[in-house]
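> what's the 3D shape of this:
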Amino acid sequence: MTTILHKADTRGHADHGWLNSFFSFSFAGYYNPQRVQFGVLRVLNDDRVEGGKGFGSHPHDNMEIISIPLEGSLAHEDNMGHKEIVSAGEVQVMSTGKGVFHSEYNNSPNQPVKFLQIWVFPNRLNVPPRYDQVRLDPSKGHNALQQLISPQPSGEGTWIYQDAWFHMGTFDAGRKIGYDSKKPGNGVYLFVIDGAFLYDGQRLETRDGLGVTDVRHLDLEAAEQGSRVLIMDVPMQNNIQ
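Residues are numbered from 1 along each chain as shown. Alright, predicted model coming up:
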């Protein structure tokens with residue numbers, strides 16, 4: 001078993017006024033050769049966008065893009081014909097494949113929106129672009145890990161073109177959590193959204209990240225009331241189909 005700890009205060013950072021972003025991995029003007037990616041997990045951005053602001057239309061291709069609003073709502077529009085509002089308690093996925101243009105703005109004129117923007121390399125290239133959005137059942141994520149992402153269109157939550165599974169849950173203090181990696185060769189990246197967790201003698205604080213490889217089972221313990229964690233179970237090597 002090997003681990004790599006990314007403390008919250010060691011992340012890359014860019015403050016553009018209207019946009020305040022923290023980067024767990026190299027992105028845009030932030031480059032750290034030790035933090036380019038974790039397996040196929042390429043981007044984990046912790047973004048805050050001020051009211052009425054956002055990203056104008058821009059292109060993506062051959063990337064699985066996952067947005068998880070934590071506070072507020074995003075207004076999304078793309079050249080596939082989607083005009084959607086994505087709010088806290090929902091998950092949005094775009095398989096950009098052959099190429100897509102999209103824009104996303106804070107849906108509120110005066111309140112900030114906070115969201116996680118995550119990019120995963122796909123295992124199939126140049127697929128037709130697709131969009132999906134799902135609302136989570138809050139009861140399934142209380143003192144339990146709720147599945148957000150899987151490789152199967154028929155699974156709980158939504159899906160992407162990759163052998164990856166994302167789970168999220170909010171836990172009472174002292175609650176113990178076990179997680180089994182879903183595929184041999186996958187690594188697990190833990191990201192603490194709120195509160196704190198204990199793992200293998202380490203205390204993981206809010207916005208800390210921890211990557212674990214060569215392990216099939218993880219045991220966590222919530223160290224504070226209302227602690228929330230995102231678990232990303234991803235291939236460490238990409239086998240493109």
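> use CA for all of it now, contacts and neighbours both
OK.
> Low-confidence regions, this structure specifically.
For the chain, no stretch has pLDDT under 70.
> partners of residue 101 in the sheet?
Judged by DSSP bridges, the bridge partners of residue 101 are residue 59.
> Return the residues in contact with it.
57, 58, 59, 60, 78, 79 (Cα atoms under 8 Å, 6 or more residues apart in numbering).
> Could you save those residues as JSON lines and add columns showing neighbour count?
Conversion of the contacts of residue 101 to JSON lines gives the following (neighbours: other Cα atoms under 10 Å):
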{"residue": "57", "neighbour count": "14"}
{"residue": "58", "neighbour count": "11"}
{"residue": "59", "neighbour count": "13"}
{"residue": "60", "neighbour count": "17"}
{"residue": "78", "neighbour count": "17"}
{"residue": "79", "neighbour count": "13"}
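> can you pull the buried residues of stretch 104-117?
Of the residues in stretch 104-117, 104, 105, 106, 107, 108, 112, 113, 114, 115, 116, 117 count as buried by neighbour count, 16 or more other Cα atoms under 10 Å.
> Next one: the last one relative to residue 152, how far apart?
What that stands for is residue 117. Using Cα to Cα, to the nearest Å, residue 117 is found at 21 Å from residue 152.
> swap in the third one?
With distances taken as Cα to Cα, residue 106 is found 30 Å from residue 152.
> before we move on, which element is residue 81 in?
Counting by DSSP states H and E, residue 81 is held by no secondary-structure element, helix or strand.
> For it, grab phi and psi.
Main-chain dihedrals, residue 81, degrees, to the nearest 10: phi 100, psi 10.
> what about it, neighbour count?
Residue 81 sits with 9 neighbouring residues when counted by other Cα atoms under 10 Å.
> And residue 40, by the same measure?
23.
> and the residue nearest the centre of the chain, what are its bridge partners?
For the chain, the residue sitting closest to the mean C-alpha position, by Cα atoms, centre = their mean, is residue 118 at 4.4 Å. When bridges are called by DSSP bridges, residue 118 pairs up with residue 44, residue 66.
> From residue 200, how far out is it?
Distance from residue 118 to residue 200, counting by Cα to Cα: 26 Å.
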